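Here's a sequence, model it:
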Amino acid sequence: MARFCRTILLLGLAGAAPGIAGEPKQAPPAFELHEGDRVVFLGNSFFERARQHGHLETSLALRWPDRKITFRNLGWDGDTVFGHSRTGGRRRSVFGDPEEGFGKMIAHLRQLDPTVVFVAYGWNESFAGAQGAPDFRRGLERLLKEAGNRRFVLLSPTPTERGFGAELPFTRKESPRGQDHVARRNATLKSFRDVIASVATEGGHHFVDLFSALQQDKTPYSSNGIHPSAEGYRSIARTMARSLRLPGPAVALDSAEAETLRSIIVRKNTLYFHRWRPRNDAFVYGERKNEQATAQTEPEKFEPFVSGQEDLILEQLKALK
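Presented below is the predicted three-dimensional model:
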């Protein structure tokens, strides 16, 4: 009888093992930035346009004013988890090889060596339709793996907003009856939101569901139905704070002190943008780089100016303590 019980127990443990191994990691605790953290915003237009407003970075910096934390924005309009926007393009085939773009993305990320990466993708990939969600998932998982051992915060795409003419009904035969463009786009975006949520849960990463929050808010958030406006980014900063369970800011986000800090952050972001995205990139990094060798030394000269703005940011934060 004892032998029989031991056998049953062993069989039960053997059957349970695969389930245990496949369980998702425990949900992360409240998000926190630590002394010396290096934060990178990586994504598409959502982050590239965020640098012009500074609300997301300002909100995060004001939560821990006594800690030295640096931020770098690597957002690129039209980008995907596959690095499409970062390809060489021009004289190469069409817009260049996506593998080249992905390699550039990862190389830049590793060079900055961030401790925390906020990731915002899914909007552009969603134009492949719901059937493109599995490819997007593989691309996102690959990106997180290649990025290395860092802390990740995954953001969902924002929804398409009504009121800009895109809600006109479709007349093409393949369109679902009674469904306009906005409804169809949001149905697809929701499937990509679900993929990001799943990857975050399974990887133990933080997840911010902007898609649901902005739909439920009902307050206009975009400038064109797609891209957040200045007020939209303010709202998104509040959503992120709630979702990540951040501590309260040192001063109100709409105070004069916060506005002064935000203006310095925007200047810093602009300088860093020109440091890594020079307008004459064909001469610096591209097919004409052999024509003007001196151009390749110019972007690095932005670094002291970026550092100078960061010093001002730290001074402003210290004054708030």
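
Do you have the strands of this structure handy? List them.
Assigned by DSSP state E, the chain shows strands spanning 38-43, 70-73, 116-120, 151-155, 206-208.

The third one to strand 38-43, inter-axis angle?
Interaxial angle of strand 116-120 relative to strand 38-43 (axes from the mean of the first three to the mean of the last three CA atoms, to 10 degrees): 10 degrees.

on that earlier part again, output the strands of the chain as TSV; include the columns mean pLDDT and distance to residue 306.
For glycine as for every other residue, the C-beta is placed from the backbone atoms N, C-alpha and C. Written out in TSV, the entries for the strands of the chain read as follows (pLDDT from 0 to 100; distance: least, CB to CB, whole Å):
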stretch	mean pLDDT	distance to residue 306
strand 38-43	98	13
strand 70-73	97	9
strand 116-120	98	19
strand 151-155	98	23
strand 206-208	98	27
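
and of these, who's closest to residue 195?
Checking the strands of the chain against residue 195 by CB to CB gives strand 151-155 as the closest, at 10.0 Å.

list the buried ones in that closest one?
Of all the residues in strand 151-155, those buried under the rule 16 or more other CB atoms under 10 Å are 151-155.

Just give me the closest of these to residue 71.
Nearest to residue 71 among the buried residues of strand 151-155: residue 153, at 12.8 Å, using CB to CB.

residues touching that closest one, list them.
Shown here is residue 153, whose contacts under the criterion CB atoms under 8 Å, 6 or more residues apart in numbering are 31, 116-119, 205-208, 244.

Top of these by number of neighbours, please.
residue 118 (28 neighbours; other CB atoms under 10 Å).

how close does it get to residue 33?
Separation of residue 118 from residue 33 (CB to CB, to the nearest Å): 11 Å.

ok, now residue 249?
Where residue 33 is concerned, residue 249 sits at a distance of 13 Å (CB to CB).

just residue 306 next, same as before
Plainly put, residue 306 is 19 Å away from residue 33 if you go by CB to CB.

Where do the helices of the stretch 51-200 of the chain begin and end?
Along the stretch 51-200 of the chain, the stretches classed as helices by DSSP state H, counting those that start in this stretch are 55-61, 98-112, 133-147, 181-203.

So what's the gap between the longest one and the chain middle?
Same thing as helix 181-203. On the basis of CA atoms, centre = their mean, to the nearest Å, helix 181-203 sits 15 Å off its chain's mean C-alpha point.

for it, packing partners?
Helices and strands in packing contact with helix 181-203 are listed as helix 133-147, strand 151-155, strand 206-208, helix 210-217; criterion 3 or more CB pairs under 8 Å, 6 or more residues apart in numbering; DSSP states H and E.

how far is the shortest one from where the chain is centred?
Read it as strand 206-208. For strand 206-208 - counting by CA atoms, centre = their mean - the centre lies 11 Å from the chain centre.

Partner strands of it and their direction?
Under the criterion DSSP bridges, strand 206-208 sits next to strand 151-155 (parallel) in its sheet.

Can you check what angle separates the partner strand from helix 181-203?
Using the same axes, to 10 degrees, one finds that strand 151-155 and helix 181-203 are set 160 degrees apart in direction.

Can I get strand 151-155 in CSV, CA atoms only?
What follows is strand 151-155 as a C-alpha-only set of coordinates in CSV (Å, rounded to 0.1, in the frame of the first residue of the first chain):
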residue,chain,number,x,y,z
ARG,A,151,13.8,46.1,-16.6
PHE,A,152,11.1,46.6,-19.2
VAL,A,153,7.9,48.6,-19.2
LEU,A,154,5.6,47.6,-22.1
LEU,A,155,3.1,50.1,-23.4
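
Run the chain-centre distance for that strand.
Counting by CA atoms, centre = their mean, strand 151-155 is centred 7 Å from the centre of its parent chain.

what angle do it and helix 133-147 make?
Using the same axes, to 10 degrees, strand 151-155 lies at 150 degrees relative to helix 133-147.

what's the angle from strand 151-155 to helix 210-217?
What separates the directions of strand 151-155 and helix 210-217 is an angle of 40 degrees, with the same axes, to 10 degrees.

quick revisit: can you add distance to residue 258 and give the strands of the chain back as a markdown table?
A markdown table is the format used below for those (distance: least, CB to CB, whole Å):
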| stretch | distance to residue 258 |
| --- | --- |
| strand 38-43 | 18 |
| strand 70-73 | 15 |
| strand 116-120 | 20 |
| strand 151-155 | 21 |
| strand 206-208 | 21 |
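
Please name whichever of those is nearest to residue 61.
Between residue 61 and the strands of the chain, the shortest gap by CB to CB is with strand 70-73, which sits at 7.5 Å.

which helices and strands sit right next to the closest one?
For strand 70-73, where contacts count as 3+ CB pairs under 8 Å, 6+ apart, the packed elements are strand 38-43, helix 45-50, helix 55-61, helix 256-276.
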